[in-house]
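Asks: the amino acid sequence is not available; the structure is as follows:
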Ligand code: HEM
């Protein structure tokens with residue numbers, strides 16, 4: 001064979017890259033690596049382009065949100081709205097008000113739709129929940145180092161298993177305990193606030209609510225005393241949470257090795273170590289008691305109840321189980337305090353402007369806890385605080401502390417939403433705030449909507465459950481909703497019975513970029529004792 005017959009583009013390339021006497025063999029490896037990388041990137045690009053076109057076609061009948069620019073899509077309106085004190089969820093609501101109940105959008109190539117109609121929510125959360133899965137790419141991403149595969153962020157088989165394991169820990173007996181825990185915590189806060197009463201000093205009551213709800217959940221979940229809560233949480237847990245919140249709008253913070261990035265990591269490690277130590281001690285104590293032939297001790301908190309379920313399931317105690325437990329407990333701490341604190345803050349702000357509503361709450365507090373609020377609380381009495389409950393629900397409706405939850409469609413949905421079949425791979429934003437504004441005069445604060453026979457009861461049976469969705473609905477609904485509403489009834493009513501809270505400025509400006517949504521600048525009040 002002649003030399004020419006060997007000549008081919010690949011042969012030339014190899015000759016050039018490696019076999020030529022003038023070039024060392026190292027570049028061959030580089031060229032192969034470069035070619036592999038280029039092929040990989042090209043493959044990724046083709047997949048992306050194919051999916052992009054497939055999804056665009058699938059969404060072609062749905063009106064598109066205004067303001068998209070090439071490549072970035074709707075990123076600019078979503079980010080710049082914060083400067084006008086609007087949240088991304090407010091922008092989405094404007095889209096639906098203008099274009100109808102289903103609107104499509106595009107965030108830097110990720111295409112999605114936003115909906116608020118109860119029938120659509122039912123499809124996503126109930127009948128189609130297996131294919132409308134949690135979205136871990138955008139909204140939950142910054143929280144994954146904290147929540148990992150805990151209940152909120154798990155999916156599929158793992159979620160099902162964990163929900164079965166965790167569910168019982170938040171039922172019946174713990175709900176009785178929560179009333180005592182909440183009462184003790186609010187009595188402590190009253191003692192603290194009493195020192196400010198009548199002095200004219202300004203107190204950020206939102207901050208106090210955050211610490212208060214952390215103390216309640218810290219004791220309910222781990223039996224931590226108030227000092228432990230105040231020691232561990234403000235130094236480890238709260239800074240980790242606020243960094244995760246910052247990462248929502250500034251995702252580059254997840255990647256840049258800044259001092260804050262290292263502090264985040266170190267605090268996470270310390271928090272995990274603190275929790276794992278606690279789990280091990282508890283588990284060993286249970287095993288020792290069993291070894292001595294004693295009956296298993298009566299569960300004192302949510303952790304004990306989870307350990308009991310683990311024992312019953314026969315699961316082996318190992319590092320993987322410790323890690324999963326760590327995620328679950330951090331999930332409870334996160335899910336269980338900021339949302340409750342935001343609900344209490346908005347309720348307190350509204351009550352400050354509504355003496356008639358406040359008087360009804362005070363009356364319920366006196367009935368449940370006695371004229372001086374010192375009678376031992378009991379579950380039935382708290383269950384009967386229907387007006388206080390209506391105030392809390394109305395705060396959750398008017399202010400939608402969780403304004404949007406997102407899902408990713410894992411398979412084509414031929415039934416789809418609002419009459420539109422949907423292609424696999426899209427994001428779906430469930431606009432809870434939009435649903436909560438489908439009430440008469442939605443900007444008015446009217447607890448009566450949630451009293452028996454009120455506006456909520458008047459909704460058609462087929463949609464009612466999807467017209468008030470602060471805890472969403474369906475198999476993935478909030479596991480702590482009963483706990484949250486019981487706890488808050490005790491906290492709000494006792495505080496209102498003992499004190500008058502006077503805001504130092506206007507109440508009502510919702511934070512544009514933090515979920516759960518709380519007031520911009522907190523809620524600053526002066527305090528006096530109620531006569
Ligand atoms: C006012 C208070 C609360 C509000 C508004 C609230 C709201 C929510 C919402 C909207 C979800 C669904 C999230 C999603 O699908 O992406 C959720 C899930 C969850 N919440 Fe809550 N929550 C509250 C209090 C609590 C409390 C006190 C706890 C625990 C002690 C808790 C534990 C959970 C858990 C474990 C889930 C995940 C359930 C699952 O996916 O199976 N929440 N919550």
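Replies: Received it, and whenever you're ready, just let me know what you need. From a predicted model like this one, the values you see are computed outputs, not experimental measurements.

Asks: excluding its backbone neighbours, what's nearest the residue of the chain found nearest the ligand?
Replies: Closest contact between the chain and the ligand, by Cβ to the nearest ligand atom, is at residue 480 (2.0 Å). In short, each C-beta sits where N, CA and C put it, glycine included. Spatially, and ignoring its direct neighbours in sequence, residue 480 is nearest to residue 336 (5.3 Å; Cβ to Cβ, 6 or more residues apart in numbering).

Asks: now the helix or strand where the one you found lies: buried residues?
Replies: Using DSSP states H and E, residue 336 sits within helix 319-352. Within helix 319-352, the residues scored as buried using 16 or more other Cβ atoms under 10 Å are 324-352.

Asks: same question for stretch 197-217.
Replies: 197, 203, 205-206, 208-217.

Asks: do the same with stretch 512-521
Replies: 512-519.

Asks: those into a markdown table, with extra columns for secondary structure, pLDDT and distance to the ligand?
Replies: Listed next are the buried residues of stretch 512-521 as a markdown table, based on DSSP: H, G, I helix; E, B strand; the rest coil; pLDDT from 0 to 100; distance: Cβ to the nearest ligand atom, whole Å:
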| residue | secondary structure | pLDDT | distance to the ligand |
| --- | --- | --- | --- |
| 512 | coil | 88 | 19 |
| 513 | coil | 83 | 18 |
| 514 | coil | 84 | 14 |
| 515 | coil | 86 | 10 |
| 516 | coil | 91 | 7 |
| 517 | coil | 94 | 10 |
| 518 | coil | 93 | 12 |
| 519 | strand | 94 | 16 |
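
Asks: now, which of the residues you listed sits nearest residue 412?
Replies: For the buried residues of stretch 512-521, the closest approach to residue 412 (Cβ to Cβ) belongs to residue 515, at 29.7 Å.

Asks: any idea how far the closest residue to that closest one other than its chain neighbours is from residue 508?
Replies: Once flanking residues are discounted, residue 515 sits nearest to residue 402: 6.1 Å by Cβ to Cβ, 6+ apart. Relative to residue 508, residue 402 is positioned 18 Å away (Cβ to Cβ, to the nearest Å).

Asks: next step: the buried residues of stretch 197-217 restricted to helices.
Replies: When the buried residues of stretch 197-217 are checked against helices (DSSP state H), the matches are 205-206, 208-217.

Asks: tell me the contacts of residue 477?
Replies: 125, 471 (Cβ atoms under 8 Å, 6 or more residues apart in numbering).

Asks: ok, now with 10 Å
Replies: Residue 477 sits next to 125-126, 465, 469, 471 when contact means Cβ atoms under 10 Å, 6 or more residues apart in numbering.

Asks: do a quick rundown of the strands in this protein.
Replies: Along the chain, the segments classed as strands by DSSP state E run 102-107, 110-115, 132-134, 203-204, 404-409, 413-417, 420-422, 427-431, 499-503, 524-529.

Asks: what does the last one rub up against?
Replies: The set of residues external to strand 524-529 that reach it, using Cβ under 10 Å, 6+ apart, is 190, 193-208, 348-349, 352, 495, 498-505, 507.

Asks: quick revisit: the residue of the chain closest to the ligand reaches residue 213, doesn't it?
Replies: No. When contacts are counted by Cβ atoms under 10 Å, residue 480 is not listed as touching residue 213 (11.1 Å).

Asks: intersection of neighbour lists for these two?
Replies: With Cβ under 10 Å, 6+ apart as the test, residue 480 and residue 213 both reach 336-337, 339-340, 487.
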